[in-house]
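*Asks:* quick one: sequence plus predicted model below, questions after.
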Amino acid sequence: MKGLELSELFYFNVVKKLIEKHFPMLKNKYGAGLIGYGSDVLGNDDELSRDHEWGPRCHLWLLEEDYNKYGDEIDEMLKAELPLEYLGYKTRFVFNEEFQVLVTTDDKHNSIHHVAITTVERYLRIQYGINNRDYTTNQYYLNNLEWLCIPEQKLLELTRGKIFEDPIGEITKIRKDFSYYNEDIWKYKLLYCWKQLDDLALIPLCYKRNQIISGKIILTRIIENIIRLVYLYNKKYYPGYMKWFSYEFSKLPKLAASISTKLENSFMEEDITKIISVMESVFLELIEEHNRSEVTPYVELTNSKWTRGLVNISTSNVCKALEESITNELKELNLEGSCDQWITNSDILVWSEQFAKVKELYTNDNVCNRDGVGDRII
């Protein structure tokens, strides 16, 4: 049984019935579902997934007033009355200090259940750092800079999984509002990926100097940005966890089927001429999709310059077209791309307290004065 199915049954057959019994005043006044982290949220869980953070679990989104009044009481009730097992799966969890994860246990008294009791406002603030709310329209929103500072993995967590029921409609609306980027941010992220592809010329340069490891590392980074481009052209958030990066990629309707084998073969190929040829053919497929999607006016990849004749095409034309299409607000930022396109530290990308701090890097005007004779050279 998949974890999402198990959790939905657990909610309707156990959690909901207990709430109806003990808190009848909350009927039709909260949402329930399973979103957030976990392979079960993506539907990718298997037998290997069940050793940690897996089991009967769900979220409850109460109204603010009800959370303040009943949140602690619901938690205590579930601690006392949830069965230790449901359909043969344990419902209690403890924190494993060695691996820093939650694992199931038979201990009812020194453990926690996995029913998260919260509100939409708390959930957005704590998990995503989203604080902007128009109380007149009850609408949450992000400006462009704030969009750039939320990793795609977090947006994937918000929009995947399943809402089991939502009579008040609050969490359902949020998921719809954040289902994908606006056009400006979408193009800005496309631009960053395309710029990274121009490093292709470095691969044969490394091979000519017998620096094969360096060449393979650059190839890997280019392939990662190719895959990110495919996610972008499909308008799907990509998973930040690499174990699901290519698996979710294989499900995408556009481009994935036609280029995945080429990408896999490039990892194993040792003939640098063949590697470059395959990569350039992938670039051409990407630009065809770019033009089909009418992201910018029609554009072709140009002949490569400054590459010592090692590659044949450059991405400069598509980069120029994308730059011309984005807003001045984005052009004037100190950094290009969204935070997770250039940050690799998972501690920053997981916790909202950390990725919210990135905003200053985009806008901080404190720069060293480089007005001396040789300052720009050194």
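*Replies:* Alright, I've got the coordinates. This structure is a prediction, so every number in the text was calculated from the model and none was measured.
*Asks:* wait, residue 94 sits on residue 110?
*Replies:* Yes: contact criterion CB atoms under 8 Å: residue 94 and residue 110 qualify, at 6.9 Å. Yep, even glycine has a C-beta here, placed from its N, CA and C like the rest.
*Asks:* neighbour count: those two, which is higher?
*Replies:* Remark: of residue 94 and residue 110, residue 94 carries more neighbours, 13 against 8, as counted by other CB atoms under 10 Å.
*Asks:* which residue is nearest the middle of the protein?
*Replies:* The structure's the chain has its C-alpha centroid closest to residue 153; by CA atoms, centre = their mean the separation is 1.9 Å.
*Asks:* tell me which element it is part of?
*Replies:* Per DSSP states H and E, residue 153 falls inside helix 152-159.
*Asks:* walking through the stretch 1-150 of the chain, point out its helices one by one.
*Replies:* Assigned by DSSP state H, counting those that start in this stretch, the stretch 1-150 of the chain shows helices spanning 3-10, 16-22, 39-42, 64-81, 120-128, 144-148.
*Asks:* buried set for the second one?
*Replies:* For helix 16-22, burial by neighbour count (16 or more other CB atoms under 10 Å) applies to 16, 18, 19, 22.
*Asks:* now it, how far from the chain's geometric center?
*Replies:* Distance, stretch centre to chain centre, for helix 16-22: 34 Å (CA atoms, centre = their mean, to the nearest Å).
*Asks:* so what touches it?
*Replies:* Here helix 16-22 makes contact (CB atoms under 8 Å, 6 or more residues apart in numbering) with 26, 27, 32, 60, 74, 77, 78, 81, 82.
*Asks:* now do 6 Å
*Replies:* Helix 16-22 is contacted by residues 77, 81 when judged by CB atoms under 6 Å, 6 or more residues apart in numbering.
*Asks:* can you find the helix or strand in this structure with the smallest mean pLDDT?
*Replies:* Ranking every helix and strand in the chain by mean pLDDT, DSSP states H and E puts strand 133-134 at the bottom, with a mean of 80.
*Asks:* how close does residue 337 sit to residue 147?
*Replies:* Separation of residue 337 from residue 147 (CB to CB, to the nearest Å): 12 Å.
*Asks:* which phi and psi does residue 130 have?
*Replies:* phi -90, psi 110 (degrees, to the nearest 10).
*Asks:* return the per-residue confidence for the spatially closest residue to residue 81 that is not a sequence neighbour.
*Replies:* Excluding the flanking residues, the one nearest residue 81 by CB to CB, 6 or more residues apart in numbering is residue 18, at 5.6 Å. Note for residue 18: predicted pLDDT of 98.
*Asks:* make a markdown table out of the buried residues of helix 16-22 and add distance to residue 89.
*Replies:* Shown next, in a markdown table, are the buried residues of helix 16-22 (distance: CB to CB, whole Å):
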| residue | distance to residue 89 |
| --- | --- |
| 16 | 18 |
| 18 | 17 |
| 19 | 20 |
| 22 | 23 |
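*Asks:* compute the inter-axis angle for the helix holding residue 153 and helix 120-128.
*Replies:* 160 degrees (axes from the mean of the first three to the mean of the last three CA atoms, to 10 degrees).
*Asks:* adjacent strands (with direction) for the next helix-or-strand element following helix 152-159?
*Replies:* Using DSSP H and E, the next helix or strand after helix 152-159 towards the C-terminus is strand 162-165. Using DSSP bridges, the strands paired with strand 162-165 are strand 30-34 (antiparallel).
*Asks:* got the contact list for the partner strand?
*Replies:* By CB under 6 Å, 6+ apart, the list of residues contacting strand 30-34 from outside reads 4, 7, 11, 58-62, 161-166, 171.
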